[in-house]
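Q: the following comprises the amino acid sequence and a computationally predicted model.
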Amino acid sequence: MKKIFFVLLLLMGLYTTCDAQYGHLYVKKGIKKKKEYSEGDRISLRGRDGYLYTGIITLLRNDTIFINGLPLPRTAVASVLNPRKKKKFQLEPKQALVIAGGMVLVTGGLTLSKQASFGEAVKAAAVIGVAPMIIPFLSSKISLRRKKYRIGRKFRLQVLDFYLPYKAF
């Protein structure tokens, strides 16, 4: 019984298909990889003709990038565009209440200890309380990420495909 089980297991293992090796597309600066795409990833490319190619990489073969089934030679790519990811500024109600309570306590403490007048205490509490809200807001508006990789002098594209070449006979 065990022999039949192992024979069936072996036959099942031989007849299953495996597509484990996908092609990869690298954006490189010198020898360092800056960005990596594989088949099935979303990509936006600007061609040398000025046309914007956006879609899913369906196949990478022979230095050709197939985007939604349309071939684009690697040498016809002018730049690779990064999608802009906007960070949302979110202030939770609990956090807002804690900040407001802290501002009230700072104002009351400075006023009661007579270290500052009421107006100065409100200004100091506002600076202390609003700073934790301003920093995330500004970081959501300012982006220091690269928007695109211009192919040519600094950056280059490398297509790594694992497909066997076609036989011409």
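A: Nice, thanks for sending it over. Numbering: from 1, shown residues only.
Q: for the helix ranked longest in the chain, packing partners?
A: Assignment by DSSP state H gives helix 118-141 as the longest helix of the chain. Contact here means 3 or more C-beta pairs under 8 Å, 6 or more residues apart in numbering; DSSP states H and E; on that basis helix 118-141 packs against helix 93-112. Where C-beta positions appear, they are placed from N, C-alpha and C, glycine not excepted.
Q: show me the shaky parts of the chain.
A: Regions of the chain meeting the criterion pLDDT under 70 cover residues 14-20, 163-169.
Q: longest strand in it, by residue count?
A: strand 52-61 (DSSP state E).
Q: after that strand comes which helix or strand?
A: strand 64-67 (DSSP states H and E).
Q: so how far is that following strand off the chain centroid?
A: On the basis of C-alpha atoms, centre = their mean, to the nearest Å, the separation between the geometric centre of strand 64-67 and that of its chain is 21 Å.
Q: now tell me what touches the following helix or strand past it from outside.
A: Scanning forward in sequence from strand 64-67 by DSSP H and E, the next helix or strand is strand 70-73. Residues outside strand 70-73 that contact it (C-beta atoms under 8 Å, 6 or more residues apart in numbering) are 45, 47, 53, 55, 63, 64, 65, 66.
Q: and those, which is closest to residue 134?
A: Nearest to residue 134 among these, counting by C-beta to C-beta, is residue 45 at 37.4 Å.
Q: what about that closest one, which SS state?
A: State at residue 45, reduced to three classes by DSSP: H, G, I helix; E, B strand; the rest coil: strand.
Q: just give the closest residue to it, not the sequence neighbours.
A: Of all residues not flanking residue 45 in the chain, residue 53 sits nearest, at 4.5 Å (C-beta to C-beta, 6 or more residues apart in numbering).
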